[in-house]
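*Asks:* fold the following, please.
(chains A and B)
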Amino acid sequence: MWNYTDKVMDHFLNPRNVGEIPDADGIGEVGNIVCGDAMKLYIKLDDKKEFVADVKFQTFGCASAIASASALTEMVKGKPLAEASKVTNQDIADFLGELPEEKMHCSVMGMEALQAAFAHIKKQNPAAKITDPVTEAGYDPEGLDRIVCHCFTVSERKIREVILANGLKTVEQVTHYCKAGGGCGGCKPDIEEILAKVNGNAHPAGAPEAAAVVKPLTNLQRINLIQKTFDQEIRPALQQDGGDAELVDIAGDRIQVKLCGRCAACPSAHQTLKQYIEAKLRETVSPSLTVEEVR
Amino acid sequence: MDPAKIIYVDNNATTAVAPEVLEAMMPFMTTWYGNPSSPHPFGDYAKRAVDHAHGQVATLLGCDPDEIIFTGCGTESDNAAILSALEIDPKRRRIVSTAVEHPAILSLCDVLRRRGYHVDLLPVDHHGRINLDQLRGLVTDETAIVSIMWANNETGNLYPVEEAARIAHAKGALFHTDAVQAAGKIPINLKDSVIDFLSLSGHKLHAPKGVGALFKRRFVPFNQFIIGGHQERGLRAGTENVAGIVALGQAADLARAHMAEERTYVAGLRDHLERELLASCPDPVVNGNPEHRLPNTTNISFKYIEGESILFLMHPFGICASSGSACTSGSLEPSHVLRAMGVPQIAIHGSIRFSLSRFNTRAEMDVIIAKLPPIIHRLRQISPYGR
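*Replies:* The predicted structure follows:
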């Protein structure tokens, strides 16, 4: 049972601006039913395309998701574009007084729907005065738009955004704000690294100091150690469960692995890959390694 | 919140302490606070009360009084049975259970897997049923214990534990059942059974929280889980929770007296509620196996909307139920039971469980029947998915 402020309950019980706008200038649709919440935001501009004339929403989700969407519509309605497009999830949370940290992802969903709607508007009206980080940066599926959390389809870009906008410090906080890491947990080391990069730490928080002291291995020694760990420890453990894995390639810090046997068809294969194989290799060889699955 | 106006339909979470139970336990917190182990008549009074409770719980389950071990909760009973089975026969390093067990079993299985044991979880079909042939295939000569719940807490589904126990025994494995939801709601007779271990919990049958019991069949080898003094015939150390044990004994007596009512009165209320909600809310889905389930439980999915929102909108009417949605669980994943059953995502987040008790009334059901459909309608108006 969550503790919601009166304002959250008010916006949940009496949501403002529910519905659709058939001739909207922009529609932003985010989330999906698998994740347990989703939102569709409709924005109608004035004739000169300078301010938000009307806004409506539809939300599938919990009380705070509905309240966040309702609050967002009140915050942007009647506002000039430049101002409306700058609303962040923290603004939504502030407007509502407070959201439980576990529910901050609801406010993030509001911000994302807003950004998606403005991206849609900008596509149709390139002249519109919109500050939109997403469209300005361009879509980059190999880089920042790569999916980090596969359970909830969260990109590195989104993780970076919530870290920066809210000053996040821990993986748990990142999970509360954008769900990343909240499913199988296999991407937690990835999130840890992103946190370290964004917050400017050389080493992820809590990384063993000793790792830096150990004498660096030559490339050949390193490859041998990876192969040995793989053949003598990882494969026998997987074989016990009827599975197996094949070491496909080693490219710098990236280790490519093919899962076979029962592992290949296992729904928690991703977890095996990250929580077992990657963790084992990081422990025995180097904390900087990442394991990738090739099919 | 006015407690008098609460319509409590979350009895699989916990139950009200029955007035007779409270009355029976109170003297052991006030007047008769002795320690059953003490060598004086004052302690002996408490000891006799504990002995009497053994008999009461044994009568409910159809076993002998010395086959009952009082514990702190259902979870402790589950842990004790499984960990003991693994210690007794260290060569057997496999455990078989199901994907729909309570976390008391599933989290333990996770830990055991990390300790190097092999755990197989039986999958379930879309009604939540297990396949006994599949179970037969999973149990081997290396299986230490098979643990299958008697009744599921979320759907109320009943499982064929007797057949499963025979399958376990055929390979020399022990059999445990988590009967926390079944005990007191359906007849159990362990005399005619081959089940080795059975767990139950006081607060699910109108006794207070903090007391449970483990049935261990006579001659089944057992290593104690909590180590210390000689309480419970040396099988569970720690000074007895005398008041709680007396309460559980009294609750067992009451459950036996009201057993027929579960099948008639409680099931009647549940059926009335379910029938009316199915008729008045478009596109509902009942999760579970309507042919074989507890008399008190119904789990209904209202598609396109989310459970926490439904629960919040029921609060003003005092209605207390539960949901399998992610938001209500505090984690980000929805119910593992409904996921294991393959309930579609469009329905899983909007699942509501109503679990009744003999203290519910038809007037309460009629309030839910009147108040819920407009809530469903209202949330569907807000939802982008369906009307």
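*Asks:* please count neighbours and contacts with C-alpha atoms only from this point.
*Replies:* Fine.
*Asks:* can you pull out the low-pLDDT segments for the stretch 251-387 of chain B?
*Replies:* Segments of the stretch 251-387 of chain B classed as low confidence (criterion: pLDDT under 70) are B:328-330, B:386-387.
*Asks:* now chain A
*Replies:* For chain A, the stretches with pLDDT under 70 are A:1, A:129-142, A:201-216, A:265-268.
*Asks:* can you point me to the longest helix in it?
*Replies:* Determined from DSSP state H, the single longest helix within chain A is helix A:104-124.
*Asks:* okay, now B:Ile310: neighbour count?
*Replies:* Neighbour count of B:Ile310, defined by other CA atoms under 10 Å in any protein chain shown: 25.
*Asks:* gap between the helix or strand harbouring it and the chain center?
*Replies:* B:Ile310 is part of helix B:307-314, with elements assigned from DSSP states H and E. Here helix B:307-314 is found 24 Å from its chain centre; the criterion is CA atoms, centre = their mean, to the nearest Å.
*Asks:* state the next helix or strand along the chain beyond that helix.
*Replies:* Defined by DSSP H and E, the subsequent element after helix B:307-314 is strand B:319-320.
*Asks:* ok, that following strand near chain A or not?
*Replies:* No - judged by CA under 8 Å from any CA of the partner chain, strand B:319-320 makes no contact with chain A; its nearest approach is 11.3 Å.
*Asks:* contacting residues around residue 15?
*Replies:* Reading this off chain A. Contacts here follow CA atoms under 8 Å, 6 or more residues apart in numbering or on different chains; on that basis A:Pro15 touches A:Ile66, A:Ala67, A:Ser70.
*Asks:* my question was about chain B
*Replies:* Neighbouring residues of B:Thr15 by CA under 8 Å, 6+ apart: B:His203, B:Lys204, B:Leu205, B:His206, B:Ala207, B:Ser357.
*Asks:* need phi/psi at the third one.
*Replies:* Meaning B:Leu205. phi -130, psi 40 (degrees, to the nearest 10).
*Asks:* show me what contacts it?
*Replies:* So B:Leu205 contacts B:Thr14, B:Thr15, B:Ala183, B:Gly184, B:Ala251, B:Ala252, B:Ala255 (CA under 8 Å, 6+ apart).
*Asks:* of all the residues you listed, which comes closest to chain A?
*Replies:* Proximity of these to chain A (CA to the nearest CA) peaks at B:Thr14, which lies at 15.3 Å.
*Asks:* quick check: the gap between the spatially closest residue to that closest one that is not a sequence neighbour and chain A.
*Replies:* Leaving aside its sequence neighbours, B:Thr14 sits nearest to B:Lys204 (CA to CA, 6 or more residues apart in numbering or on different chains; 5.1 Å). Distance from B:Lys204 to chain A, counting by CA to the nearest CA, to the nearest Å: 20 Å.
*Asks:* equivalent analysis for B:Pro65, please.
*Replies:* B:Pro65 sits 40 Å away from chain A, going by CA to the nearest CA.
*Asks:* what is the longest helix of chain A packed up against?
*Replies:* strand A:26-32, strand A:37-45, helix A:63-76, helix A:89-95, helix A:133-137, helix A:171-178 (3 or more CA pairs under 8 Å, 6 or more residues apart in numbering or on different chains; DSSP states H and E).
*Asks:* please redo it, this time with the cut-off set to 6 Å
*Replies:* strand A:26-32, helix A:63-76, helix A:89-95, helix A:171-178 (3 or more CA pairs under 6 Å, 6 or more residues apart in numbering or on different chains; DSSP states H and E).
*Asks:* give me the neighbour count for whichever residue of the stretch 151-295 of chain A sits closest to chain B.
*Replies:* Nearest to chain B, among the residues of the stretch 151-295 of chain A, is A:Gly182, at 5.8 Å (CA to the nearest CA). Residues within reach of A:Gly182, counting by other CA under 10 Å, total 21.
*Asks:* of the contacts of A:Pro15 - the most surrounded one?
*Replies:* Scoring those on neighbours with other CA under 10 Å, the highest-scoring entry is A:Ile66 at 34 neighbours.
*Asks:* got the contact list for that one?
*Replies:* Under the criterion of CA atoms under 6 Å, 6 or more residues apart in numbering or on different chains, the neighbours of A:Ile66 are A:Phe12, A:Thr59.
*Asks:* quick revisit: in strands, which of the contacts of B:Thr15 fall?
*Replies:* Among the contacts of B:Thr15, DSSP state E puts none in strands.
*Asks:* what about B:Arg270, distance to chain A?
*Replies:* For B:Arg270, the distance to chain A - CA to the nearest CA - is 25 Å.
*Asks:* can you tell me the SS state at that residue?
*Replies:* At B:Arg270 the chain is in helix, as set by DSSP: H, G, I helix; E, B strand; the rest coil.
*Asks:* leaving out the residues flanking it, which one is nearest to it?
*Replies:* B:Arg270 sits nearest to B:Asn296 (CA to CA, 6+ apart), 6.0 Å away.
*Asks:* now B:Leu121
*Replies:* Setting aside the residues directly before and after it, B:Leu121 is nearest to B:Thr98 in space (CA to CA, 6+ apart), at 4.4 Å.
*Asks:* what is the burial count for that neighbour?
*Replies:* Around B:Thr98 there are 22 residues (other CA under 10 Å).
*Asks:* can you check the one 10 residues further on too?
*Replies:* Burial measure for B:Leu108: 16 neighbouring residues, criterion other CA under 10 Å.
*Asks:* can you tell me the closest non-neighbouring residue to it?
*Replies:* B:Asn79 (7.2 Å).
*Asks:* can you list phi and psi of that neighbour for me?
*Replies:* Main-chain torsions, B:Asn79, degrees, to the nearest 10: phi -60, psi -40.
*Asks:* what about it, distance to chain A?
*Replies:* 23 Å.
*Asks:* tell me the residues of chain A that contact chain B?
*Replies:* A:Val34, A:Gln58, A:Thr59, A:Phe60, A:Gly61, A:Cys62, A:Ala63, A:Gly182 (CA under 6 Å from any CA of the partner chain).
*Asks:* got the buried residues for stretch A:46-58?
*Replies:* A:Lys49, A:Glu50, A:Phe51, A:Val52, A:Ala53, A:Asp54, A:Val55, A:Lys56, A:Phe57, A:Gln58 (16 or more other CA atoms under 10 Å in any protein chain shown).
*Asks:* likewise stretch B:324-343?
*Replies:* For stretch B:324-343, a neighbour-count test (16+ other CA under 10 Å) marks B:324-328, B:332-341, B:343 as buried.
*Asks:* those: which ones sit near chain A?
*Replies:* When contact is defined as CA under 6 Å from any CA, the buried residues of stretch B:324-343 meet chain A at B:Leu332.
*Asks:* keep only those of the buried residues of stretch B:324-343 that are in strands.
*Replies:* Those of the buried residues of stretch B:324-343 lying in strands (DSSP E): none at all.
*Asks:* which one of the buried residues of stretch B:324-343 is nearest to A:Tyr177?
*Replies:* Among the buried residues of stretch B:324-343, B:Leu332 lies closest to A:Tyr177 (CA to CA), at 11.4 Å.
*Asks:* ok, the residue lying closest to A:Val87 once chain neighbours are set aside to B:Asn157 distance?
*Replies:* Leaving aside its chain neighbours, A:Val87 sits nearest to A:Met111 (6.8 Å; criterion: CA to CA, 6+ apart). Applying CA to CA, to the nearest Å, the value for A:Met111 to B:Asn157 is 42 Å.
*Asks:* equivalent analysis for B:Asp125, please.
*Replies:* Counting by CA to CA, the gap from B:Asp125 to B:Asn157 is 12 Å.
*Asks:* quick one: which of these two has more around it?
*Replies:* Shown here are B:Asp125 and B:Asn157; by other CA under 10 Å, B:Asn157 has more neighbours (26 against 13).
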